Structures are given as structure tokens and as C-alpha cells.
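> below is the structure, and that's it, no one-letter string:
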């Protein structure tokens with residue numbers, strides 16, 4: 001499962017269809033397994049997006065706090 005999720009995630013990061021990439025890389029894999037792997041790959045992609053957003057917000061909050069405290 002981990003190899004299928006990685007294959008999908010790599011393909012998605014390159015702008016390709018992750019489901020199709022994994023189906024081609026792992027022929028004969030049942031659709032349910034591919035669907036579960038696709039969900040995991042999408043969840044990982046979403047989590048990475050949220051971490052980026054949270055870091056951006058944290059950075060803005062810190063800059064504002066430093067500015068209000070009279071820092072650089």
C-alpha cells in the first residue's frame with residue numbers, strides 16, 4: 001500500500017493523474033485498493049497544504065507581535 005500511495009503522490013506532485021499512474025505501475029491492483037491509496041495520497045497532500053498555511057499564519061502573527069513590541 002505504501003508503494004502505491006507513494007507512486008500516486010509522486011505523480012500528483014508532477015501534475016499527473018495519480019490513480020492512472022498507480023494503475024499502470026501496479027497492474028491488476030483491485031480498484032478498491034487503488035481508491036484507498038488515492039484517498040491516503042490526497043489526505044497527505046491536504047495535510048501538507050494545511051502545514052504550509054499554518055506556517056504562513058504563524059509567521060504573520062509573529063511579525064505583527066514583534067512589530068507591536070517595537071522590534072525590527
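Perfect, I can see it now. All values reported here derive from a predicted model rather than from experimental measurement.
> low-confidence bits of this structure, can you list those?
For the chain, the stretches flagged by pLDDT under 70 are 71-72.
> mind listing the helices for it?
Using DSSP state H, the helices found in the chain span residues 2-13, 18-25, 31-68.
> can I get the ones you listed in a markdown table including mean neighbour count?
C-beta: built from backbone N, CA, C; applies to glycine. Below are the helices of the chain laid out as a markdown table (neighbours: other Cβ atoms under 10 Å):
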| stretch | mean neighbour count |
| --- | --- |
| helix 2-13 | 18 |
| helix 18-25 | 17 |
| helix 31-68 | 12 |
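> what distance do you get for residue 61 to residue 51?
Taking Cβ to Cβ, to the nearest Å as the measure, residue 61 falls 16 Å from residue 51.
> excluding chain neighbours, what is closest to the most centrally placed residue in the chain?
The C-alpha lying nearest the average C-alpha coordinate of the chain belongs to residue 45 (Cα atoms, centre = their mean; 1.4 Å). The shortest distance from residue 45 to any non-neighbouring residue, by Cβ to Cβ, 6 or more residues apart in numbering, is to residue 12 (6.3 Å).
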